[in-house]
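>>> need coordinates for the below:
(one chain, ligands or ions: 2)
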Amino acid sequence: MMFDVGRDSVCCTETLLDAWGKSLETSLEAADTRVRATLLLACCWIACGMQLVAQSRQPRNAADIPQTNPYTSEADVEAGRKIFGGRCGHCHGQSGEGGRGAVLNSGELHHGASDREMFLVIRNGIPNTEMPGTFGLPDAEVWRMVAYVKQLRRQGSSDAAAGNQTAGALVYQKNSCAACHAIDGQGGFLGPDLSEIGAKRSIRYLRDSIVNPSADIPLDYRSVTVITRDGKTIAGIQLNEDEYSVHLRDMSGNLRSFLKSELREVKLTGQSLMPAYGALSKDDLDNLVAYLSSLRRSAAQATVWMFDRLENIGGNKTTVLGAPRVIDSPIGKAVEFDGVRDALFIDNHPLAGAETFTFEAIFRPDGGEREQRWFHLSEQDPKTGVDTDNRMLFEIRVIGDGWFLDSYNQSGTEGKALMNRSAVHPLGAWYHVASVYDGKEFRNYVNGVQEGAANIHLAPHGPGHASVGVRINKVFYFKGAVRMARFTRRALSTPEFLTLPVRP
Ligand code: HEC
Ligand code: HEC
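Ligands and ions are numbered 1, 2, ... in the order given. Sure thing, here's the model as predicted:
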């Protein structure tokens, strides 16, 4: 309690205190709340004087990057073409026609088509994909590539899908592709998630992937076959191998570990686990490719994460801490956390690069410790992978048999906690919560009712990751369950919010 009071009213400006309170948490991860509160008060009187220091400690920040490209002359475009040819063409094609990398000369750029967004994508890469960053390359060179990619887009492309999407969806169904692939959360996960495959791969590449899957196998999907001493053969995706053991995901999706001493043989086959569909008719293949190519999300569309499994949330890899459980609740599957050591880390910051956003979640708080951080999106330093202070957070405070919401947002030197202590809700029920930022004002909501608002400038975050059930630095564990989250790159109005399914 003291801590909250300190953060809101003790000295200087509220914003500064928010920032201090929060960065103290970072440095004093495990410290007891009272000690922290005392320290906070002690630090307060120097806080104003230290503001400059705090600013100079701030991590690299997307706010410093201009909105429009300063390098757009013909000479810049030509220089960009040369760098692109050397560094990017083998994945994206020399004219941006796509290949292993996304098509750049037509269609929508789903990571953003503004100069600044492209700059960030090219400089930082896209986490969890093959798209690397260009670390170490001077900013001017990155801008020249932005200029070249823009020119490619003006030229356009001739690589259009010949088939019919709707017919293709049927071919997908008939051939049980969903046994191994998920689209928008539906399907298996032995193979890559295909929800956005159309934005990642060219038509030609998609066609090859179906007819000849072994031709180019993404690094994360290399297959391995082990033969045990007693002659059993198990095939799967290689997850890890060291001197003594082999770990794989078998064809049913189970994680399996073997001691090499128990095995007769370990074979890296170089063959895909996906059957080759060379026998499809030309029409079926055209239609299937047209369907896959249509699977892309526009920047304005929402990303949904369903918490109905542990291994993979929203197509992203997870790291599991403790033993969170998948439960059946009256509103569907959810992941339950024990408030002590359970958490999920998810390899994606779904709102990275967003200038405006809506961050929604459906959850059930069950009580436990007073302070809990249960949904944390954090930017990471692209060079070191270390979490920066830039973050979006849902927190709660538990008092008696109720709770109230604390929504926190920070970018660069600006940060703000919205916390309405008088809006106390009963524990043990399902709630919808939302943080909305429209470019000027940050607002938060519980079940569609606004609880707070503040004017603040929040520059877009760089790429990063997320933790659910705990703060990203593993303090303030959450007791309760999370059903789903949705991330939208614009400020939604309340009627557009997700709704809680009606309970039977
Ligand atoms: C190893 C292959 C590879 C290399 C090298 C590579 N990319 Fe990419 N790139 C990708 C992939 C794959 C994606 C799609 C990622 C996704 O969205 O899942 C991508 C995405 C992009 C995007 C975003 C497309 C969109 O829809 O918004 C841009 C822009 C881009 N790359 C530019 C470049 C530039 C410029 C270079 C050279 C400096 C480069 N890439 C090098 C594989 C590569
Ligand atoms: C037995 C499981 C399995 C089935 C069935 C299967 N796939 Fe795959 N698929 C995989 C695996 C594993 C990979 C990754 C290795 C590779 O690229 O070959 C993959 C890769 C792909 C890729 C390339 C993805 C990328 O990121 O480049 C596409 C596209 C694809 N599959 C489409 C299909 C379609 C369409 C069908 C149905 C006609 C299908 N798959 C059926 C397992 C399967």
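
>>> and the helices in this structure?
For the chain, the helices defined by DSSP state H cover 2-9, 14-27, 33-57, 74-87, 89-92, 115-124, 139-155, 165-174, 197-200, 203-211, 282-294.

>>> go through those helices and find the least confident stretch.
Ranked by mean pLDDT, these bottom out at helix 2-9, with a mean of 34.

>>> what are the boundaries of the strands in the stretch 251-400 of the chain?
In order along the chain, the stretch 251-400 of the chain carries the following strands (DSSP state E, counting those that start in this stretch): 255-259, 263-268, 303-306, 312-313, 316-321, 325-329, 332-338, 343-346, 357-365, 371-380, 387-399.

>>> by contact count, what packs against the fourth one?
Using 3 or more CB pairs under 8 Å, 6 or more residues apart in numbering; DSSP states H and E as the contact criterion, no secondary-structure element is in contact with strand 312-313. All C-beta spots, glycine's among them, are computed from the backbone N, C-alpha and C.

>>> phi, psi for P324 please.
In terms of degrees, to the nearest 10, the main-chain angles of P324 are phi -60, psi 150.

>>> give the contact list for the closest residue to it other than its chain neighbours.
Spatial nearest neighbour of P324, chain neighbours left out: D342 (4.2 Å); criterion: CB to CB, 6 or more residues apart in numbering. D342 is in contact with 321-324, 336, 469-470, 477, counting by CB atoms under 8 Å, 6 or more residues apart in numbering.

>>> among those residues, which ones are buried?
321-322, 324, 336, 469-470, 477 (16 or more other CB atoms under 10 Å).

>>> can you give me the domain assignment for the protein?
2-57, 63-155, 165-216+275-294, 223-268, 303-496 (automatic domain parsing).

>>> could you single out the most deeply buried of those?
domain 303-496 (a mean of 20; mean count of other CB atoms under 10 Å).

>>> just confirm H457 contacts E414, I think it does.
Yes: using CB atoms under 8 Å, H457 is in contact with E414, at 5.6 Å.

>>> residue of the stretch 401-504 of the chain closest to ligand 2, please.
Nearest residue of the stretch 401-504 of the chain to ligand 2: P463, at 19.1 Å (CB to the nearest ligand atom).

>>> tabulate the strands of the stretch 251-400 of the chain (CSV), appending mean pLDDT and distance to ligand 2.
Putting those into CSV (pLDDT from 0 to 100; distance: least, CB to the nearest ligand atom, whole Å) gives the following:
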stretch, mean pLDDT, distance to ligand 2
strand 255-259, 91, 15
strand 263-268, 92, 13
strand 303-306, 88, 18
strand 312-313, 88, 14
strand 316-321, 90, 14
strand 325-329, 93, 23
strand 332-338, 94, 23
strand 343-346, 96, 19
strand 357-365, 96, 27
strand 371-380, 96, 23
strand 387-399, 96, 28
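
>>> in JSON lines, list those strands along with distance to L292.
Formatted as JSON lines, those follow (distance: least, CB to CB, whole Å):
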{"stretch": "strand 255-259", "distance to L292": "28"}
{"stretch": "strand 263-268", "distance to L292": "27"}
{"stretch": "strand 303-306", "distance to L292": "19"}
{"stretch": "strand 312-313", "distance to L292": "20"}
{"stretch": "strand 316-321", "distance to L292": "20"}
{"stretch": "strand 325-329", "distance to L292": "29"}
{"stretch": "strand 332-338", "distance to L292": "27"}
{"stretch": "strand 343-346", "distance to L292": "25"}
{"stretch": "strand 357-365", "distance to L292": "28"}
{"stretch": "strand 371-380", "distance to L292": "29"}
{"stretch": "strand 387-399", "distance to L292": "32"}
